[in-house]
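Participant: here's my sequence, what's the structure:
(one chain, ligands or ions: 1)
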Amino acid sequence: MELVTDLFINNEWRASISKQRFQTVNPANEQAIAMVAEAGVEDVELAVQVASCAFALQSTGAWSTLTAKERSRLLGRIADLMEEHREELATIEALDAGKSYRAAFEDDLPFCISIIRYYAGVIGQIEGKYLQFHHAYTAYTRHEAIGVVAAITPWNYPLMMFVSKVAPALAAGNVVIVKPAEETPLSALAMSKLFVKAGFPAGVVNVLTGGPATGEALVEHPGVQKIAFTGSTEVGKKIAANAAKSLKRVSLELGGKSPNIIFADVLNLEEAVSAACNSVFYHQGQTCCAGTRVLVEKNVYQNFLEQAKSKSSDYNQEKGTLISKKQLERVCNYISIGKEEGAKLLCGGKQLGSVGFGVEATIFYDVKNSMRIAQEEIFGPVMCVIPFEGEEEAIALANDTQYGLAAALWTSDSMKANRVMRALKSGTVWINCSDISDPSLPFGGVKMSGYGKDLGVDSLQSYTEVKSVVLKN
Ligand code: NAD
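Facilitator: A predicted model of the protein is given here:
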């Protein structure tokens, strides 16, 4: 029997006012999972009203006036509940996003829980400054909560995106409305139950399921003070333009085409090859910071190709899937484009199995950085290997992209590593490692990969407004 889900507003479950619903599908077996409520403009209006009310109640003792210690205790309670419900949450995430249960249970859940615990711990780091500019005045700054934050998230890591936005927003004393991706709404709804169980006041966390129109209504609503968005560059640009009408604060975590530079003096080529394959093929390449452009110095180029071909086949065993038929068609189309452009296919290139939307781990070599497959975000398991010679060419190729989310480089020369790191236009640079993340490590891009940071204390501060206070002595 198909599951039917409602909207979560003011700690209550309710159908959308229009009674509209849409269906979600398990991408691994193409079976229907749920009929999900679609929030319209009236539902957005209601959610913003209750969230604003929960926020405004601060003077009478609701969310924002809880002490930092109290907010920390409640966030800690959420983390405990996530531990208790880890199997259930991992099952939902695997079904919804087409991940293996192992990846959801062993990779995603522990990281999500650690993000919540991190923000429960750093709440005390919201601190102002005491300023001494004139003997006649006492001056200081306060970091205050902004108000109603709308988080709009994508389908690739639904729960991780949910906690990456909700935890710092709540830690800083804001109230939130989450609009999860229409393909993967279920983990956000499962989390809603935990917020009630943990004792969060009504209206502090709300979840509106729906598609682009729901997101747009949140962006346009004057009662929403900040949009925290993760998704495609195309939608990010629309959101920035729409949010500008009411001068809302916006943070944008967008797409990428990250370079992974392997110099000939790499300490351990085998380790670099494994990391390169993992970066591109894990979760079928649906990771924003995947190192999809592998730049390999000529002296180790052949050796890299042989090892990468052999390693890539491991990823066809795990039988992951892309999120939808549309995404499968998009990735297959890019594979055809790569062949037409004259890139050479080393391995892969076909659909994986007959059920679900998986694609074989695919490697193109002798790719030119100007080709579309090297410039456009494919968001599938497609690696482009590009040969280079020397540091200067590596830097030029790495930066020759509209994106700037992440980059990795491999060398045994620490001076060179430092020089190249500084020259790379990128939000993150990994040296002799790749795809390392931590709740304390700010993550976000430059150029068309967006602006603003998720994670770290930087993200916590982005959910606050600085007030300057001056007292005449
Ligand atoms: P998407 O941009 O299509 O959708 C993301 C979210 O935006 C969804 O919830 C969608 O309903 C909503 N949306 C769509 N149009 C909207 C509009 N006009 N106004 C308001 N909301 C709207 O992205 P996707 O296809 O779900 O995810 C894949 C993309 O996300 C990739 O480009 C990937 O690189 C990016 N991504 C980036 C990061 C990062 O941290 N930089 C992390 C994960 C994914």
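Participant: thought residue 295 was touching residue 390?
Facilitator: No: Residue 295 is beyond contact range of residue 390, at 11.3 Å (criterion: CB atoms under 8 Å). Every residue, glycine included, has its C-beta placed from N, CA and C.
Participant: mind telling me what element the closest residue to residue 48 other than its chain neighbours is part of?
Facilitator: Excluding the flanking residues, the one nearest residue 48 by CB to CB, 6 or more residues apart in numbering is residue 223, at 4.1 Å. Secondary structure from DSSP states H and E places residue 223 outside every helix and strand.
Participant: same check on residue 206?
Facilitator: Counting by DSSP H and E, residue 206 is part of strand 205-207.
Participant: contacts for that strand, please.
Facilitator: Identification of contacts with strand 205-207 by CB atoms under 8 Å, 6 or more residues apart in numbering yields 7-10, 47, 50-51, 166, 170, 175-180, 185, 188-189, 191-192, 195.
Participant: check whether it comes near the ligand.
Facilitator: No: against the ligand, strand 205-207 shows no contacts by CB under 6 Å from any ligand atom, the least distance being 11.9 Å.
Participant: show me which of residue 295 and residue 390 is the more surrounded one.
Facilitator: Counted by other CB atoms under 10 Å, residue 295 and residue 390 do not tie: residue 295 has more neighbours, with 25 against 12.
Participant: can you tell me which of the contacts of strand 205-207 are up against the ligand?
Facilitator: Answer for those near the ligand (CB under 6 Å from any ligand atom): residue 179.
Participant: looking at the contacts of strand 205-207, which are in helices?
Facilitator: Applying DSSP state H to the contacts of strand 205-207, the entries found in helices are 47, 50-51, 166, 170, 188-189, 191-192, 195.
Participant: ok, so of the residues you listed, who is nearest residue 219?
Facilitator: residue 47 (13.5 Å; CB to CB).
Participant: state the pLDDT value of whichever residue of the chain sits closest to the ligand.
Facilitator: Residue of the chain nearest the ligand, by CB to the nearest ligand atom: residue 215 (2.2 Å). Per-residue pLDDT puts residue 215 at 98.
Participant: show me what the closest residue to it other than its chain neighbours bridges to in the sheet.
Facilitator: Of all residues not flanking residue 215 in the chain, residue 152 sits nearest, at 4.8 Å (CB to CB, 6+ apart). Taking DSSP bridges as the rule, residue 152 bridges to residue 179, residue 229.
Participant: count of residues packed around residue 152?
Facilitator: If you count neighbours by other CB under 10 Å, residue 152 ends up with 26.
Participant: check contacts around it.
Facilitator: Residues near residue 152 by CB under 8 Å, 6+ apart: 179, 215, 218-219, 227-231, 239.
Participant: does the residue of the chain closest to the ligand belong to a helix, a strand or coil?
Facilitator: Here residue 215 is helix, with the state taken from DSSP: H, G, I helix; E, B strand; the rest coil.
Participant: and it, how far from residue 259?
Facilitator: Between residue 215 and residue 259 the computed distance is 31 Å (CB to CB, to the nearest Å).
Participant: more neighbours: which of these two?
Facilitator: Shown here are residue 215 and residue 259; by other CB under 10 Å, residue 259 has more neighbours (30 against 26).
Participant: confidence score at the more buried one?
Facilitator: 98.
Participant: isn't it right up against residue 400?
Facilitator: No: Residue 259 is not in contact with residue 400 according to CB under 8 Å; the separation is 9.1 Å.
Participant: that older thread, most neighbours of all the ones in helices among the contacts of strand 205-207, which one?
Facilitator: residue 47 (30 neighbours).
Participant: show the contacting residues for that one.
Facilitator: Contacts for residue 47 (CB under 8 Å, 6+ apart) come out as 7, 9, 39, 177, 206, 208.
Participant: mind putting those residues in a markdown table, neighbour count included?
Facilitator: Below are the contacts of residue 47 laid out as a markdown table (neighbours: other CB atoms under 10 Å):
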| residue | neighbour count |
| --- | --- |
| 7 | 26 |
| 9 | 24 |
| 39 | 29 |
| 177 | 27 |
| 206 | 30 |
| 208 | 29 |
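Participant: tell me which of those residues is nearest to residue 445?
Facilitator: residue 177 (24.3 Å).
Participant: my read: that closest one touches residue 209, true?
Facilitator: No: the criterion here is CB under 8 Å, and residue 177 misses it with residue 209 at 11.3 Å.
Participant: returning to that earlier point: count of residues packed around the residue nearest to residue 48?
Facilitator: Residues near residue 223, counting by other CB under 10 Å: 18.
Participant: return the residues in contact with it.
Facilitator: By CB under 8 Å, 6+ apart, the neighbours of residue 223 are 48-49, 51-52, 148.
Participant: and if we set it to 10 Å?
Facilitator: Residues near residue 223 by CB atoms under 10 Å, 6 or more residues apart in numbering: 44-45, 47-49, 51-52, 55, 147-148, 150, 177, 246.
Participant: now swap in residue 111 and tell me
Facilitator: 157, 159-160, 163-164, 437-439.
Participant: widest-spaced pair of these?
Facilitator: Maximum distance among the contacts of residue 111 (CB to CB): 17.1 Å, for 159 and 438.
Participant: these two: who's more crowded?
Facilitator: Taking other CB under 10 Å, residue 159 and residue 438 do not tie; residue 159 has more neighbours (29 against 13).
Participant: just give me the closest of the ones in helices among the contacts of strand 205-207 to residue 290.
Facilitator: Using CB to CB, the ones in helices among the contacts of strand 205-207 come closest to residue 290 at residue 188, 23.8 Å.
Participant: surely residue 391 and residue 261 touch.
Facilitator: Yes: here residue 391 reaches residue 261: they are 9.2 Å apart, a contact under CB atoms under 10 Å.
Participant: give me the common contacts of those two.
Facilitator: 297, 409, 411, 420.
Participant: which one of those residues is nearest to residue 103?
Facilitator: Nearest to residue 103, judged by CB to CB, of the shared contacts of residue 391 and residue 261 is residue 409 at 26.5 Å.
Participant: the closest one: how many residues sit nearby?
Facilitator: So residue 409, with other CB under 10 Å, has 27 neighbours.
Participant: dihedrals phi and psi, the closest residue in space to it that isn't next to it in sequence?
Facilitator: Closest residue in space to residue 409, ignoring its immediate chain neighbours: residue 261 at 4.3 Å, by CB to CB, 6+ apart. Phi and psi for residue 261, reported as degrees, to the nearest 10, are phi -100, psi 120.
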